[in-house]
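Q: Next comes the sequence, and after it the predicted model I'd like to discuss.
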Amino acid sequence: MSEFSGRSPDHESVGSGTKRSSVSSGGRSRNRKEFFYKFVESDSLNEKLEEWYESVTEKYASKQQAFDVPFELIELQKFDYALEGISFQQLTRMPNAVHTSTSEAVEATTCLAIEDFLHASMKGLWEAFWSQDEPMPFSVACLYNANMKFYQAENAIANGRLGGLCGTGILLNNSRHPHGKWDHLLELTLLRTDIRGQAVGGDRQPSLPVVGEALFYAIRMLLARSLGRLSFFPDPSTVFVLLVDSQYGGVVKVEGDVSKLNFDVNNVYECAAEWVKNHSRISVSPIYRIWNKLGNANWGDIGALQVLFATFHCITQYAGMPKHSIEDLAADHSSRLHTRRIERQLGDTARVNGNGLFRYQQRSVSPEIVEVQEDYVNVDSKESMKLEEGSILWLEDSDGQKGYQIQEVINTGELTYYIASYVEDPGIDLFLYVGSHPSQLEPAWEDMNLWYQVQRQTKVLTIMKQKGLSSKYLPQMFASGRIIHPGHCQRPSSGGNCDHPWCGTPVLVTGPIGETVAEMVESSRFGPDEAIKCCHDCLSALSTATSAGLRHGDIRPENVICVRSGVRPYFVLIGWGHGILEDRDRPAMNLHFSSTYALQEGKLCSASDAESLVYMLYYSCGGVFPDLDSVEGALQWRETSWSRRSIQQKLGDISTVLKAFADYVDSLCGTPYPMNYDIWLRRLRRNINEDDHGKEIDQTC
C-alpha cells in the first residue's frame with residue numbers, strides 16, 4: 001500500500017524469542033538489546049514495585065484516584081457518535097463465567113473468543129476510518145509465555161500450549177515471521193480470571209498486581225519499539241494493554257521515554273521499577289462489562305467503547321491519522337444527535353413547551369408536575385349496576401340486540417372489566433367493557449379512564465375496521481352499543497336518555513382474551529422467549545396500525561395480553577383508547593412508560609411507541625424504575641439510563657436482538673425519521689423459539 005511506504009512490516013527488527021536475534025543492531029546500544037532479552041518475568045518486576053504499590057494503596061485509602069483514566073467520558077461519547085451505524089460482527093462463543101470451576105474446553109473457547117473479538121474490532125475500525133478497499137494489515141495471535149512468541153490460538157491449543165497462553169496481541173502482518181515480532185505488536189490483551197473481582201476502589205480500577213503485570217508487558221513493547229526499525233507515530237512512547245476476563249475488561253495506558261531507562265543488564269527489574277516510578281505516566285480505566293451473560297459483545301456499551309478506542313489509537317500509531325476522522329463520522333448524523341440531546345436536556349430555568357401542556361424546572365425539590373394519586377370515587381349509578389359472575393347483559397348495536405353472560409370480573413385497581421361469552425355462542429370468551437354514563441364524566445377520574453377505554457377505543461377500533469387493518473396482533477371489535485336496561489325505557493323521542501342510571505351507557509366487546517403482561521410479570525412467567533415474542537408481536541401490531549396513520553400512545557404492561565388459544569401463544573396490543581388519529585390528539589401520560597417526546601411535547605414522534613415498548617420490556621425483564629413523582633424526574637431518568645446504556649445492558653442479558661433493538665430505538669428518539677419495522681420483524685422472527693429446538697442467536701444484529 002502506497003500510503004504505508006517506508007514502514008513495511010518486512011523490515012528486519014528485534015525478534016520475539018528469548019534468544020538474541022541475528023538482526024544487525026544498526027548502531028543501537030548492545031546493552032539495550034541485552035536488557036530486552038533478560039526482561040522476561042513479570043513477577044520479578046512486581047517484587048521491585050512493592051513500595052510503589054503501597055504508596056498507591058495509600059492513595060486509595062485516602063479516597064483519591066490512584067491513576068488517571070486514559071479516556072475522558074466526553075472522548076468516548078464523541079467516539080460513540082462516530083461509531084453509530086458502523087457494523088461490528090456479533091460474536092457468540094465467549095463462555096458465560098458463572099461457574100467457579102473452569103475446564104480446558106472453556107479456557108480454549110475463551111482464547112478463541114478473544115481472538116474473534118480483537119479481529120472484529122480491528123476490521124470494523126479499519127473499514128470505517130481507514131479503508132474499505134485496502135486489505136487490513138493486521139492479524140491476531142496469542143502470546144506463549146515460555147518463549148515469548150506468538151501463535152494462532154487454534155494452533156497453540158492443538159499443540160498442547162493452552163496452559164501457557166498469557167495474552168492475545170494485535171500484530172502487523174509479516175509472512176516472514178510467523179511467530180510474530182515484538183516490535184510489530186500494536187496492542188496486547190491479557191486474559192485473566194475474574195478481573196471484576198480483583199477491581200478495587202470506588203472507581204473500579206483493577207488491583208495493583210494486575211496493573212503491575214500490564215506494566216511489565218508495556219515496558220517490553222516500548223523496548224522492542226526502541227530497538228526496531230518501524231516508525232510509530234504520532235507518539236511511539238505510548239502503548240496500550242487491555243485487561244479482560246469473560247465478561248469484563250479495562251484499559252491500561254503507559255507513556256514514557258525508555259531512553260531514560262538505566263540499561264544495567266545485571267539489574268534489569270530494579271532499573272525497570274525505577275523507570276516506572278520516575279519516568280512513566282500510567283492511566284488505568286475503570287472495569288466495565290464488555291460481554292453480556294449470553295457471551296455476546298456489547299459493542300455500544302462503555303466497556304467495549306474504551307477497548308475499541310484504545311485499539312483505534314494503536315492503529316493510528318502505525319497507519320497514521322484516518323481518512324475519516326472521528327469528527328467527520330460524528331458530523332454525518334450530528335443533526336439527529338443534536339436534536340435528540342436538546343429535546344432530552346432539561347434547561348436551568350423553567351420552560352414551557354410549545355403546546356403549554358407541561359412546565360418543568362431543573363431542581364431537586366418541589367417539582368412542579370406531580371403524579372396525582374388517584375382516589376377513585378364511586379358513582380351512585382355504578383353502585384346500582386351490579387354485574388357479577390353469571391349476570392347477563394344485553395346491548396343494542398347496529399345489528400340488533402345481543403346478550404352476553406359475565407364469566408369473570410376483573411379489577412385492575414384502575415378499571416373494572418369483564419370476561420363474557422356470547423349467549424348464542426357460549427364457546428368463545430371475549431373482553432367486555434362497560435363505559436361511563438354520558439352524564440357522569442365529572443365526578444370521578446375513573447370515569448374518564450372508562451371513557452377512553454370504551455367510547456374512545458370504540459372510535460379507534462371502528463376506524464381500524466373501516467381502513468381494513470387486519471392482524472392477529474390487534475384487537476378485534478365484536479360489538480359496540482348501549483346497554484338495554486331493565487324496565488321500560490322512557491327515552492325522549494328527540495334523543496338523549498331516560499332517568500334510568502344505565503340508560504345510554506356504552507358497551508364495547510373485543511377479542512381475543514388473554515393474560516396481561518403485568519400479570520405474567522407478577523407471577524414470574526415472563527421470560528426471555530416471551531420477551532422476544534412480545535417485542536415481535538407488538539411491533540407487528542404497530543407496523544400495521546402505522547401503515548394507516550394510527551399510533552397507540554399508551555403502551556404499558558397492562559395493555560399487552562398473551563393469548564394462549566391455538567398452537568402457540570402470541571401477544572396482542574390492546575388498550576387503543578388513547579390511540580393517535582390526528583395531530584391534535586394527545587397520548588396518555590405515564591411517567592414510567594411514556595416516551596421522552598410524549599413527556600416533553602405532549603405528542604408522539606415516529607419512534608415514541610417503540611420507545612415505550614422498550615421501557616415495557618425493560619421493566620418486564622426485571623428492570624427497576626426509580627420512584628418518579630414528576631415529569632422532570634422521569635426525563636432525567638430517561639436521559640441517565642440511555643446515556644449509561646443501562647436499558648440496553650439489561651435487555652442484552654436477555655437477548656442480543658432486544659439490545660440491538662433498544663440501540664436502534666435510542667438512535668431514533670426525538671427524530672423525524674420513521675421506524676423501519678420490517679427489518680426488526682425479520683430479526684426478531686429469527687430469534688423466536690417456534691419449534692422448541694432452542695433459540696438461535698442472530699449474528700447479523
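A: Received it, and whenever you're ready, just let me know what you need. Remember, predicted model here, so these are calculated numbers, not experimental data.
Q: The longest helix seen in the chain: what's the following helix or strand?
A: Criterion DSSP state H: the longest helix present in the chain is helix 104-125. Heading C-terminal from helix 104-125, the first helix or strand you meet, by DSSP states H and E, is strand 138-144.
Q: Can you verify residue 190 is assigned to a strand?
A: Yes: counting by DSSP: H, G, I helix; E, B strand; the rest coil, residue 190 falls inside a strand.
Q: What residues are bridge-paired with it?
A: Assessed by DSSP bridges, residue 190 has beta-bridge partners residue 167, residue 243.
Q: Contacts only, for it.
A: Residues near residue 190 by C-beta atoms under 8 Å, 6 or more residues apart in numbering: 166, 167, 213, 214, 217, 241, 242, 243, 244. (Glycine included, C-beta is placed from N, CA and C.)
Q: okay, those in a markdown table with neighbour count and pLDDT next?
A: Below are the contacts of residue 190 laid out as a markdown table (neighbours: other C-beta atoms under 10 Å; pLDDT from 0 to 100):
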| residue | neighbour count | pLDDT |
| --- | --- | --- |
| 166 | 18 | 87 |
| 167 | 25 | 90 |
| 213 | 22 | 90 |
| 214 | 28 | 92 |
| 217 | 24 | 94 |
| 241 | 25 | 96 |
| 242 | 28 | 95 |
| 243 | 26 | 93 |
| 244 | 27 | 90 |
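Q: Turn the residues you listed into JSON lines, including distance to residue 278.
A: Below are those laid out as JSON lines (distance: C-beta to C-beta, whole Å):
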{"residue": "166", "distance to residue 278": "28"}
{"residue": "167", "distance to residue 278": "27"}
{"residue": "213", "distance to residue 278": "20"}
{"residue": "214", "distance to residue 278": "18"}
{"residue": "217", "distance to residue 278": "20"}
{"residue": "241", "distance to residue 278": "20"}
{"residue": "242", "distance to residue 278": "26"}
{"residue": "243", "distance to residue 278": "24"}
{"residue": "244", "distance to residue 278": "30"}
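Q: buried stuff in the longest helix of the chain?
A: Using 16 or more other C-beta atoms under 10 Å as the test for burial, helix 104-125 gives 107-122, 124-125.
Q: list the helices and strands it packs on?
A: Helix 104-125 sits against strand 138-144, helix 153-158, strand 165-172, strand 185-191, helix 302-319, with contacts defined as 3 or more C-beta pairs under 8 Å, 6 or more residues apart in numbering; DSSP states H and E.
Q: among those, which is nearest residue 231?
A: Checking those against residue 231 by C-beta to C-beta gives helix 302-319 as the closest, at 8.4 Å.
Q: what about residue 389, neighbour count?
A: Neighbours of residue 389 under the rule other C-beta atoms under 10 Å: 12.
Q: cool, and residue 175?
A: So residue 175, with other C-beta under 10 Å, has 7 neighbours.
Q: Which of the three states applies to it?
A: coil.
Q: what about residue 590, helix or strand, and which?
A: Under DSSP H and E, no helix or strand contains residue 590.
Q: looking at it, it is touching residue 558, isn't it?
A: No: taking C-beta atoms under 8 Å as the definition, residue 590 is not a contact partner of residue 558, at 10.0 Å.
Q: Now for the two: what residues contact both?
A: By C-beta under 8 Å, 6+ apart, residue 590 and residue 558 have no common neighbours.
Q: Just the C-alpha atoms of the longest helix of the chain, please, in CSV.
A: C-alpha atoms of helix 104-125 as CSV (Å, rounded to 0.1, in the frame of the first residue of the first chain):
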residue,chain,number,x,y,z
GLU,A,104,-9.8,-26.7,29.4
ALA,A,105,-12.7,-26.5,26.9
VAL,A,106,-13.9,-23.3,28.5
GLU,A,107,-10.4,-21.8,28.6
ALA,A,108,-9.8,-22.7,24.9
THR,A,109,-13.1,-21.2,23.9
THR,A,110,-12.3,-18.1,25.8
CYS,A,111,-8.9,-17.7,24.0
LEU,A,112,-10.6,-18.2,20.6
ALA,A,113,-13.3,-15.7,21.6
ILE,A,114,-10.8,-13.0,22.5
GLU,A,115,-9.1,-13.5,19.1
ASP,A,116,-12.5,-13.2,17.4
PHE,A,117,-13.3,-10.0,19.4
LEU,A,118,-9.9,-8.3,18.6
HIS,A,119,-10.2,-9.3,14.9
ALA,A,120,-13.8,-7.9,14.7
SER,A,121,-12.7,-4.7,16.4
MET,A,122,-9.8,-4.1,14.0
LYS,A,123,-11.9,-5.0,11.0
GLY,A,124,-14.7,-2.7,11.9
LEU,A,125,-12.4,0.2,12.8
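Q: what inclination does it have with respect to strand 138-144?
A: Counting by axes from the mean of the first three to the mean of the last three C-alpha atoms, to 10 degrees, helix 104-125 lies at 150 degrees to strand 138-144.
Q: For helix 104-125, the averaged confidence score.
A: Mean pLDDT, computed over helix 104-125, is 87.
Q: List the contacts of that helix.
A: With C-beta under 8 Å, 6+ apart as the criterion, helix 104-125 contacts 86-89, 91, 93-95, 136, 138, 140-142, 152-154, 156-157, 162, 165, 168, 170, 187, 189, 191, 244, 246, 290, 295, 297, 307-308, 311-312, 315.
Q: tell me the angle of it relative to strand 185-191?
A: Inter-element angle recorded for helix 104-125 and strand 185-191: 140 degrees (by the same axes, to 10 degrees).
Q: and the angle for helix 104-125 with helix 302-319?
A: Computed by the same axes, to 10 degrees, the angle separating helix 104-125 from helix 302-319 equals 60 degrees.
Q: Helix 104-125 to strand 165-172, inter-axis angle?
A: Going by the same axes, to 10 degrees, helix 104-125 makes 20 degrees with strand 165-172.
Q: which among the contacts of helix 104-125 end up buried?
A: Neighbour counting with 16+ other C-beta under 10 Å marks 88-89, 91, 94-95, 136, 138, 140-142, 153, 156-157, 162, 165, 168, 170, 187, 189, 191, 244, 246, 290, 295, 297, 307-308, 311-312, 315 as buried within those.
Q: Quick check: the gap between residue 547 and residue 471.
A: Going from residue 547 to residue 471 by C-beta to C-beta, to the nearest Å gives 10 Å.
Q: Would you mind giving both backbone torsions of residue 410?
A: Per-residue torsions, residue 410: phi -120, psi 120 (degrees, to the nearest 10).
Q: For it, give me the pLDDT.
A: 91.
Q: Please apply the same query to the one 5 residues further on.
A: Per-residue pLDDT puts residue 415 at 84.
Q: and it, what is it in contact with?
A: Residues near residue 415 by C-beta under 8 Å, 6+ apart: 433, 446, 449, 450, 453.
Q: Could you rerun that using 7 Å?
A: Residues near residue 415 by C-beta atoms under 7 Å, 6 or more residues apart in numbering: 449, 450, 453.
Q: The first one looks like it's in a helix, true?
A: By that I understand residue 449. Yes: counting by three-state DSSP, residue 449 is located in a helix.
Q: quick one: contacts for it?
A: Counted by C-beta under 7 Å, 6+ apart, residue 449 has contacts 414, 415.
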